[in-house]
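Asks: okay, here's the prediction I keep looking at, along with the sequence it came from:
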Amino acid sequence: MQRRYEEIRAAGAEVIAVSTDSLAGAEQSVARFGVHFPILYTAKDSTIPKSYGVFNLHSDGLASASVWVITEGNEIAWRSIGESYTHQVHPNDIIEQVNLLGRSVRAGG
């Protein structure tokens, strides 16, 4: 995601990560991966993933990896919910969805 972050931003979107991991080692992970987008660490508080319906889907007590494209009006325009804890969405898919949303906004007036 980081490698395509600027392209995602240029398409009119922002990347925000939410992690239920503890803060132990968080700074090292951010530095190691060179992450420049915001990350919200909820310190194992499952409130956010539960509110999006992605907590414990695989009976593992974890939030499923998921990506949400949310409009400025706070409507869910697109989502990909992980089929396993290793599930990853390719940035091309996110950029495509953001571009489609932008076209529909422009077309709708």
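Replies: That came in fine, so what should we check first?

Asks: quick one: secondary structure of the residue nearest the centre of the chain?
Replies: The chain has residue 67 as the residue nearest its centroid, 4.0 Å off, counting by CA atoms, centre = their mean. Three-state assignment for residue 67 (DSSP: H, G, I helix; E, B strand; the rest coil): strand.

Asks: contact partners for it?
Replies: 79, 80, 89, 94 (CB atoms under 8 Å, 6 or more residues apart in numbering). For every residue, glycine as well, the C-beta is placed using N, CA and C.

Asks: ok, of these, which come out buried?
Replies: Taking 16 or more other CB atoms under 10 Å as the criterion, what is buried in the contacts of residue 67 is 80, 89, 94.

Asks: any chance of TSV for the residues you listed, columns secondary structure and distance to residue 14?
Replies: Output for these, formatted as TSV (DSSP: H, G, I helix; E, B strand; the rest coil; distance: CB to CB, whole Å):
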residue	secondary structure	distance to residue 14
80	strand	17
89	coil	16
94	helix	11
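
Asks: and which of those residues is nearest to residue 72?
Replies: Of all the buried ones among the contacts of residue 67, residue 72 sits closest to residue 94, with 16.4 Å by CB to CB.

Asks: phi, psi of residue 63?
Replies: phi -80, psi 130 (degrees, to the nearest 10).

Asks: I figured it was touching residue 47, is that so?
Replies: No. Between residue 63 and residue 47 no contact is recorded; they are 10.5 Å apart, counting by CB atoms under 8 Å.

Asks: run through the chain and note the low-pLDDT ranges.
Replies: Where the chain drops to pLDDT under 70, the residues are 25, 103-109.

Asks: helices of that one, residue ranges please.
Replies: 5-10, 26-33, 47-51, 91-108 (DSSP state H).

Asks: quick check: which of these is nearest to residue 39?
Replies: Of those, nearest to residue 39 by CB to CB is helix 26-33, at 6.7 Å.

Asks: residues in contact with the spatially closest residue to residue 39 that is not a sequence neighbour?
Replies: Once flanking residues are discounted, residue 39 sits nearest to residue 17: 4.3 Å by CB to CB, 6 or more residues apart in numbering. Contacts for residue 17 (CB under 8 Å, 6+ apart) come out as 1, 35, 37, 38, 39, 40.
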